[in-house]
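Peer 1: Below: sequence and its predicted model.
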Amino acid sequence: MTELWQLSADALRRKIASKDVSPVEVTKTVLDRAEQLQPRLNAFITICREQALASAQRAEDAVVKGETLGLLHGVPYGVKDLVNTAGVRTTFGSLLYKDNIPTDDAVAAARMKAAGGILIGKTATPEFGHKALTDAPLFGRSCNAWDQTRTCGGSSGGAAAAVAAGLGPVGIATDGGGSTRIPAACNGLVGLKPTLGTIPHSQVQDAFGNYTYVTPMSRTVMDTALQMQAMAGSHPSDPWSIGVPVQDYVAAASPQGDLKGKRILWSLTLGNTVVSRDVQAAFEAALQRLQALGAELVELTDALPAMEPVWRVINHGTWRARFSDMIAKNGNQMTPSLVRQVQMAADWSATDYQKAMFTRAEIFRRIQGWFETCDWFVTPTLTRTALPIDQDLFDPITIDGQVVGELRSNLFPYTMPFNITGHPAMSLCCGFGNDGLPIGLHIVGRFRDDASVVRLGALYEAMETWMNKWPAL
């Protein structure tokens with residue numbers, strides 16, 4: 001029998017609307033499970049039980065009165081603790097903000113609330129989302145839902161662990177270099193980084209030079225589509241969002257038709273990346289499924305410039321502007337790996353930053369050229385399954401027992417380019433390794449055509465067999 005906590009957001013919203021289940025019943029079930037698994041997973045920084053139950057009661061009253069219901073009415077969700085939530089503690093994973101309670105919601109959080117969702121808590125993030133591992137002095141380490149000796153990824157690791165464990169079918173995450181797609185791959189989820197501006201980012205300080213995104217996190221493509229439908233749309237806080245039409249993501253998530261007449265560009269290694277045997281096997285099997293749907297597959301022969309150094313100058317330079325004064329005053333209370341990265345930017349000039357931005361434009365134009373002759377670009381999401389729980393950002397990683405080098409360029413070379421260029425990119429599960437851990441397929445689409453990525457994800461998902469598989473918790 002399917003438990004309430006196992007139901008998708010799409011199934012829950014329908015059952016709530018038909019009065020088969022109540023929002024209070026669902027919310028209590030998910031809260032109880034979240035509190036039960038918190039010692040094992042450490043997925044949340046804050047669980048807001050009283051507020052969630054009060055919201056659920058209001059949602060239940062609306063159903064009883066026959067009021068018009070929102071798209072996600074009564075559906076529980078968590079919000080990454082980088083995203084402001086009015087009246088609910090938002091720490092950014094930092095001791096310096098451990099008592100911070102915003103007075104306003106971020107735009108995406110406000111829209112999820114307006115769609116009828118029930119906020120159950122704030123999910124764990126490394127301090128200010130600074131790495132692809134989820135731990136911080138404020139709360140300790142968060143674990144992978146499938147194996148607690150492995151990392152849940154980052155920086156949206158808490159959001160991913162929560163959704164994978166059934167602690168709410170959906171969550172709000174963020175992505176600055178892969179921070180949604182990396183933990184989605186580690187935990188067997190759907191993580192979509194939209195096109196720049198599709199979901200407004202109302203908190204980003206450099207709105208014009210932005211490369212970070214507010215994102216959905218879910219187990220299914222349809223649930224991702226529902227979140228996109230709820231959160232997308234123009235807002236004056238984000239210049240990239242203004243005038244951008246909202247596509248019909250829910251329609252795109254219905255797996256109808258095939259891929260005949262479509263071309264998919266693909267790359268296993270993006271040049272010379274070392275990839276594990278398990279990831280290679282899963283990726284090749286995924287390509288066969290796409291081909292079976294009728295797609296023409298074309299291997300990428302173009303080569304991009306080394307991406308991580310470009311991303312690092314833009315990202316760490318931005319962090320230096322944001323955090324250098326904070327570090328000067330309170331650096332001894334901050335995560336050493338964050339402090340170290342900010343210090344790395346001390347020798348870079350404004351010229352270095354602007355040259356990196358020139359390269360950003362060059363890479364955008366190069367990738368735009370790919371989409372003149374293809375419909376999607378696919379790669380693995382990561383080069384291997386989830387790293388050990390005690391992996392350090394500055395220690396080398398291993399693949400199939402071989403030390404391959406530093407973490408970023410050797411674990412997720414596939415995700416960073418599309419933060420820089422703004423193209424929509426989704427990770428979804430395409431199998432499991434011999435270690436029992438999920439493996440992600442990375443789908444990139446045309447700029448401003450997020451719905452096409454949702455559609456390909458839905459068609460692929462319909463061919464997979466893992467949907468009823470859950471972590472043993």
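Peer 2: That came in fine, so what should we check first? Numbering: from 1, shown residues only.
Peer 1: Roughly how far does residue 148 sit from residue 134?
Peer 2: Here the distance between residue 148 and residue 134 works out to 13 Å (CB to CB, to the nearest Å). Every C-beta, even on glycine, is put in place using the N, C-alpha and C of the backbone.
Peer 1: Looking at those two, which one has more neighbours?
Peer 2: More crowded of residue 148 and residue 134, by other CB atoms under 10 Å: residue 134, with 34 against 17.
Peer 1: and that one, backbone torsions?
Peer 2: Backbone geometry at residue 134, expressed as degrees, to the nearest 10, gives phi -110, psi 100.
Peer 1: Residue 340 belongs to a helix?
Peer 2: Yes: according to DSSP: H, G, I helix; E, B strand; the rest coil, residue 340 belongs to a helix.
Peer 1: neighbours around the residue lying closest to it once chain neighbours are set aside, how many?
Peer 2: In space, and not counting its chain neighbours, residue 340 is closest to residue 394: 7.1 Å by CB to CB, 6 or more residues apart in numbering. Residues near residue 394, counting by other CB under 10 Å, number 12.
Peer 1: Pull the contacting residues for residue 394.
Peer 2: Residue 394 makes contact with 337, 340, 406-407, according to CB atoms under 8 Å, 6 or more residues apart in numbering.
Peer 1: Which of the residues you listed ranks first by neighbour count?
Peer 2: Counting by other CB under 10 Å, top hit in the contacts of residue 394: residue 407 with 20 neighbours.
Peer 1: Can you give me the distance of that one to residue 341?
Peer 2: 12 Å.
Peer 1: for the record, mean pLDDT for the longest helix anywhere in the chain?
Peer 2: In terms of residue count, the longest helix belonging to the chain (DSSP state H) is helix 307-330. If you average the pLDDT over helix 307-330, you get 96.
Peer 1: Can you name the residues in contact with it?
Peer 2: So helix 307-330 is in contact with 96, 128, 130, 176-177, 205-206, 209, 211, 334, 338-339, 341-346, 348, 352-353, 355-357, 359-360, 363, 408-409, 413, 416-417, 419-420, going by CB under 8 Å, 6+ apart.
Peer 1: circling back: residue 298 versus the residue nearest to residue 340, what's the distance?
Peer 2: 37 Å.
Peer 1: same check, this time on residue 374
Peer 2: Distance, residue 374 to residue 298, by CB to CB: 6 Å.
Peer 1: Overlap of the contact sets of the two?
Peer 2: Shared contacts of residue 374 and residue 298 (CB under 8 Å, 6+ apart): 263-265.
Peer 1: Quick one, grab the pLDDT at residue 465.
Peer 2: 86.
Peer 1: what's around it, how many residues?
Peer 2: 7.
Peer 1: Doesn't it lie inside a strand?
Peer 2: No: assessed with three-state DSSP, residue 465 is coil; it does not lie in a strand.
Peer 1: Any idea how far apart the tips of stretch 387-403 sit?
Peer 2: End-to-end span of stretch 387-403 (CA to CA, to the nearest Å): 13 Å.
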